[in-house]
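1. take a look and give me a structure for this.
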Amino acid sequence: MSSPTELTSTRSPRVTAARRLVKRAFRDRDGRFLAEGPQACREAAAAPGVLLELYVTAEAADRHADVVAAARAAGADVVRASGEVVATLSGT
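-> A predicted model of the protein is given here:
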């Protein structure tokens, strides 16, 4: 699955829901977490049922095509996002 257009709004419901996972209470309640960086995403894609969504800029998708391919193979929704959206989700 893949989103057809780039997600650019940091206020979109999808980004808001993902951003809440920064807080432990929401991670515990939802049983979900955010992984950041190509290695963490690669490992999440390798574990069945773990990777649900991958937010990636166009540049990162080109640079880490193997991670995008692994995410798609795992059935994750690959969401092309602006740098601003990805920065909003970033913990570092």
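2. okay, CA-based contacts and neighbour counts for the rest of this
-> Will do.
3. over to the closest residue to L7 other than its chain neighbours: give its phi and psi.
-> The shortest distance from L7 to any non-neighbouring residue, by C-alpha to C-alpha, 6 or more residues apart in numbering, is to A81 (4.5 Å). Per-residue torsions, A81: phi -130, psi 150 (degrees, to the nearest 10).
4. ok, A81 - contacts?
-> Residues in contact with A81 (C-alpha atoms under 8 Å, 6 or more residues apart in numbering) are 6-8, 55-58.
5. of the residues you listed - the most surrounded one?
-> Across the contacts of A81, neighbour numbers were computed from other C-alpha atoms under 10 Å; Y55 holds the maximum, 24 neighbours.
6. part of a strand, is that one?
-> Yes - counting by DSSP: H, G, I helix; E, B strand; the rest coil, Y55 is part of a strand.
7. what sits closest to it if chain neighbours are left out?
-> V79 (4.8 Å).
8. tell me which strands and helices the helix or strand hosting R19 is in contact with?
-> Here R19, judged by DSSP states H and E, is contained in helix 13-19. Judged by 3 or more C-alpha pairs under 8 Å, 6 or more residues apart in numbering; DSSP states H and E, the packing partners of helix 13-19 are helix 83-89.
9. buried residues, the helix it packs on. List them.
-> 83, 85-86, 88-89 (16 or more other C-alpha atoms under 10 Å).
10. please apply the same query to stretch 22-35.
-> For stretch 22-35, by 16+ other C-alpha under 10 Å, it's 26, 33-35.
11. which ones among these lie within helices?
-> With helices defined by DSSP state H, the entries of those inside them are F26.
12. what two of the buried residues of stretch 22-35 are the furthest from one another?
-> F26 and A35 (14.7 Å; C-alpha to C-alpha).
13. surely V56 meets D77?
-> No - checked against C-alpha atoms under 8 Å, the pair V56 and D77 is beyond contact range at 10.7 Å.
14. quick check: neighbours shared by the two?
-> What both V56 and D77 touch, as defined by C-alpha under 8 Å, 6+ apart, is an empty set.
15. can you classify the residue lying closest to V56 once chain neighbours are set aside by secondary structure?
-> Closest residue to V56 apart from its sequence neighbours, by C-alpha to C-alpha, 6+ apart: R80 at 5.1 Å. Secondary structure for R80, judged by three-state DSSP, is strand.
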